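Peer 1: no sequence on this one, just coordinates:
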C-alpha cells in the first residue's frame, strides 16, 4: 500500500508538472510497461478530478522549486552589488536585492518600505540593482545613479530621486545630481561610461534570467517578490530567509 501511494504521488507530480512518461519511469525507479503506465495515469486522473485542490498546491511547489534553482544559479551575481550601490548593514546576514526603475511609481512607494526595513533591522543589507525598463529617461537616471555610487553618494542621489516630487526627465535628473551634491562634470562624463553601461546591461540580463516581469522586484533568500508588496511582506521574507540560514 505504501509503495502504491508513493507511485501515485510521484505520478501526480509528473502529470501536474506536465512531464512525460520517461520522467515518470525515472521517478518510480523502474521502467513501466504500457499497461502499468496507463493504469497509473488513470489513477492519477481520477484522483485529480476528485481532489482538484491539489493542483494549485502542486503548481506552487513546482514554481518555488524552480525559483530556488534559478536563484541558486545566479546567487553570487544577484547579491554582489555594484560598488557603492548598497544600503543598510554592508555585513548584514540577509540581503534584500531591489530591482527598480526611477520612472516607476510603485518603486517610489516601495522605496519607503525598504528604507524602513533597513532602519528597523540591523541585519539587513540592501543591494540596489538599477533596472531601467520604462523609458530613455530611466536609462539616463540609472547611469547617473551608478555615477553617484562611484562618487560615494549613491544614497543621497537615490533618496533624492524617490523622495523629491516630479517625474523622471533629463532636467530632473540634473536637478537631483545637484541636490545629491555630485560632481556635475564627472557625472556628465559617466553618462557615456562603458563600465556603467555594462552594469546596466548585466542587470537587465539578470532580470531576464530570473524571469522578472516588472519593477519593483525583490530577491530575498529563495523568494522573488514582484510589485510594491509592502513593508510587512518584505519583513516576512527577511525572517524566512534568516530562519532558512539558521537551519
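Peer 2: Thanks, I have it. Note that this is a predicted model, so its numbers are computed, not measured.

Peer 1: Quick check: the gap between residue 137 and residue 172.
Peer 2: In this view, residue 137 and residue 172 are 8 Å apart by C-beta to C-beta, to the nearest Å. Where C-beta positions appear, they are placed from N, C-alpha and C, glycine not excepted.

Peer 1: same for the helix or strand encompassing residue 203, what does it pack against?
Peer 2: Take DSSP states H and E as the rule and residue 203 turns out to sit in helix 194-209. On a contact count with 3 or more C-beta pairs under 8 Å, 6 or more residues apart in numbering; DSSP states H and E, helix 194-209 meets helix 54-79, strand 124-130, helix 136-150.

Peer 1: from the chain's centre, how far out does that helix sit?
Peer 2: Mean-position distance between helix 194-209 and its chain equals 15 Å (C-alpha atoms, centre = their mean, to the nearest Å).

Peer 1: Can you name the next helix or strand after that helix?
Peer 2: Following helix 194-209 in sequence order, the next helix or strand is strand 217-220 (DSSP H and E).

Peer 1: Please name every helix or strand in contact with the following helix or strand past that following strand.
Peer 2: Where DSSP H and E defines the elements, the next helix or strand beyond strand 217-220 is strand 223-226. Counting by 3+ C-beta pairs under 8 Å, 6+ apart, the packing neighbours recorded for strand 223-226 are helix 54-79, strand 217-220, helix 231-246.

Peer 1: and the angle from the helix holding residue 203 to strand 124-130?
Peer 2: Interaxial angle of helix 194-209 relative to strand 124-130 (axes from the mean of the first three to the mean of the last three C-alpha atoms, to 10 degrees): 100 degrees.

Peer 1: All set, thanks.
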